[in-house]
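Enquirer: 3D model of this:
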Amino acid sequence: MRTILFILRKEFIQIKRNRTMLPIIFVVPFVQLIILVHAATFEMKHIRIHVIDRDNSSVSHNIIGKFSGSPFYNITSYSFSDKEGEEDLKKNKADIVMVIPEHFEKRLRTENTGKIQLVINAINAASAGLIYAYTSSIILNYNLNLITEWANIPANVQTSVISTTYAFWFNPELNYKNYMVPGILVLLVTLIGMFLTGMNIVREKEIGTIEQINITPIKKHQFIIGKLLPFWIIAQFELAFGLTLGKLLFDIPILGNLGVVFTFSSIYLLVVLGAGLIISTINNTQQQSMFISFFFMIVFIMMSGLFTPVESMPVWAQKINIINPVAYFIEVMRMVLMKGSGFMDIKRQLISISIYAALILSFAVWRYRKVT
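Expert: Residues are numbered from 1 along each chain as shown. Next comes the predicted model:
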């Protein structure tokens, strides 16, 4: 035990002296938290719309008024030319072009039908889908009001109406930050565990101190524990500080027991620390270690459900995702913080990550050779 404590002391002194590692530990993650929470969102709050009104009637003006009065739309320009609208789409000055044709109101009154053209920039398919849903909803609501008005239904006459009530569970205000902060905190912890563990051991190879350690009577398990434990402690501290920051800055809900979160993170960190140890054993430079860590991190993050739901992925991708530890932790973080889930609710994820940790850490220890 004394040997491990001496190694831990040496590691913390080395981390303190490393000018490259300190900013990665204490600066980068929190800049990432503050920026990504605001930037990584699928909410559409400023939809730029180009209006082509060839009818110039009271109905067309009322429709346009519905969009100008909405906080989600900014009418960037008016014109009578399809070419101008197309140019705005190409130059990214507009997200949607709404075309109201000639004789629109006349056809509504005489033929009881009218057509409005919506030309949407669909480079981003998700945004295009949301824009279409918002826009068609506004037009549909105006159409229903118009039918009631033109049907001359007296105000005191009751009509049969289907009333729909709805409730949003776990995120009543539909605050996207509540969804993003738990996922970004997982990335923060993973960054500490995988990147820095791999870089730290490889750095010993680069400066030659690994050879001095190898000729000492320090046992392999003592060396590995002494190397991994500091980053396990730092990552847990980062998670606690990140949760505190998330509560103070973004008022994220914390409905569940934080003991569940830290129990799961303790096991999860064994997975990423083991991965970092494996990466360090197959590389001889910090640059190589960073490239390989970055490769795996990109794959894990994109398939983790941080930005898009795992359920929307193809079936084959969902099956492959069973080996993605980041996906397990993000799911658990959101369940505990937003739903108040307990150990029984995350039993499947807890068992899976425990098996994962046992396998990858055992392989990492076996793969490491205490030789020069």
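
Enquirer: ok, which stretches of the chain are strands?
Expert: For the chain, applying DSSP state E gives strands covering 47-53, 73-79, 96-100, 117-120.

Enquirer: neighbouring contacts of the shortest one?
Expert: So the one you mean is strand 117-120. For strand 117-120, contacts defined as Cβ atoms under 8 Å, 6 or more residues apart in numbering pick out 85-86, 89, 95-99, 101, 128, 131-132, 135-136. Placement of C-beta: from N, CA and C, glycine included.

Enquirer: from those, pick the one nearest Leu196.
Expert: Set against Leu196, the nearest of the contacts of strand 117-120 by Cβ to Cβ is Ala128 (39.8 Å).

Enquirer: count the neighbours of the nearest residue to that closest one once chain neighbours are set aside for me.
Expert: Leaving aside its sequence neighbours, Ala128 sits nearest to Ala122 (Cβ to Cβ, 6 or more residues apart in numbering; 3.8 Å). Ala122: 13 surrounding residues under other Cβ atoms under 10 Å.

Enquirer: Ala122 contacts Ile96, correct?
Expert: No: counting by Cβ atoms under 8 Å, Ala122 sits too far from Ile96 to count as a contact (10.0 Å).

Enquirer: quick one: mean pLDDT for stretch 308-316?
Expert: Throughout stretch 308-316, pLDDT has a mean value of 84.

Enquirer: what's the end-to-end length of that stretch?
Expert: End-to-end distance of stretch 308-316 (Cα to Cα, to the nearest Å): 16 Å.

Enquirer: Asn324 reaches Leu306, doesn't it?
Expert: No: counting by Cβ under 8 Å, Asn324 stays clear of Leu306, with 10.9 Å between them.

Enquirer: for Arg203, the count of nearby residues, please.
Expert: Neighbours of Arg203 under the rule other Cβ under 10 Å: 20.

Enquirer: now it: closest residue in space, sequence neighbours ignored.
Expert: Counting by Cβ to Cβ, 6+ apart, the residue nearest Arg203 is Gln286, at 5.9 Å.

Enquirer: give me the pLDDT for that neighbour.
Expert: pLDDT at Gln286 comes out at 78.

Enquirer: OK, contacts around it?
Expert: Taking Cβ under 8 Å, 6+ apart, we find Gln286 in contact with 199, 202-203, 206.

Enquirer: try it again at 6 Å.
Expert: With contact taken as Cβ atoms under 6 Å, 6 or more residues apart in numbering, Gln286 is in contact with 199, 202-203.

Enquirer: could you dump these into CSV with pLDDT added?
Expert: Converted to CSV, the contacts of Gln286 look like this (pLDDT from 0 to 100):
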residue, pLDDT
Met199, 77
Val202, 79
Arg203, 76
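
Enquirer: which one of those is nearest to Gln236?
Expert: Distances from Gln236 to the contacts of Gln286, taken as Cβ to Cβ, are shortest for Met199 (19.2 Å).

Enquirer: neighbours around the closest one, how many?
Expert: Look at Met199: counted by other Cβ under 10 Å, it has 24 neighbours.

Enquirer: just checking, it touches Ser289?
Expert: Yes: shown here, Met199 and Ser289 form a contact pair, counting by Cβ atoms under 6 Å, at 5.5 Å.

Enquirer: mind checking how far the residue nearest to Gln318 when sequence neighbours are not counted is from Tyr368?
Expert: The shortest distance from Gln318 to any non-neighbouring residue, by Cβ to Cβ, 6+ apart, is to Val310 (6.1 Å). Using Cβ to Cβ, to the nearest Å, Val310 is found at 33 Å from Tyr368.

Enquirer: residue ranges of each domain in this structure, please.
Expert: Using automatic domain parsing, the domains assigned to the chain come out as 47-150, 173-367.

Enquirer: what subset of the contacts of strand 117-120 is buried?
Expert: The neighbour-count test (16 or more other Cβ atoms under 10 Å) marks 85, 89, 95-99, 131, 135 as buried among those.

Enquirer: what's the closest of these to Arg48?
Expert: Checking the buried ones among the contacts of strand 117-120 against Arg48 with Cβ to Cβ, the nearest one is Asp95 at 4.8 Å.

Enquirer: give the contact list for the closest one.
Expert: Contacts of Asp95 (Cβ under 6 Å, 6+ apart): 47-48, 121, 131.

Enquirer: got CSV for these, with pLDDT too?
Expert: As requested, those are exported to CSV (pLDDT from 0 to 100):
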residue, pLDDT
Ile47, 91
Arg48, 93
Asn121, 92
Ile131, 90
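
Enquirer: ChimeraX command for the buried members of these?
Expert: In ChimeraX syntax, the buried subset of those is picked out as below (16+ other Cβ under 10 Å):
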select :47,48,121,131
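
Enquirer: any chance of the contacts of Asp95 in TSV, plus distance to Leu249?
Expert: Formatted as TSV, these follow (distance: Cβ to Cβ, whole Å):
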residue	distance to Leu249
Ile47	27
Arg48	29
Asn121	33
Ile131	30
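
Enquirer: what about the nearest residue to His103 once chain neighbours are set aside, distance to Ile100?
Expert: Spatial nearest neighbour of His103, chain neighbours left out: Asp55 (6.7 Å); criterion: Cβ to Cβ, 6+ apart. Distance of Asp55 to Ile100, given as Cβ to Cβ: 5 Å.

Enquirer: good, wrapping up.
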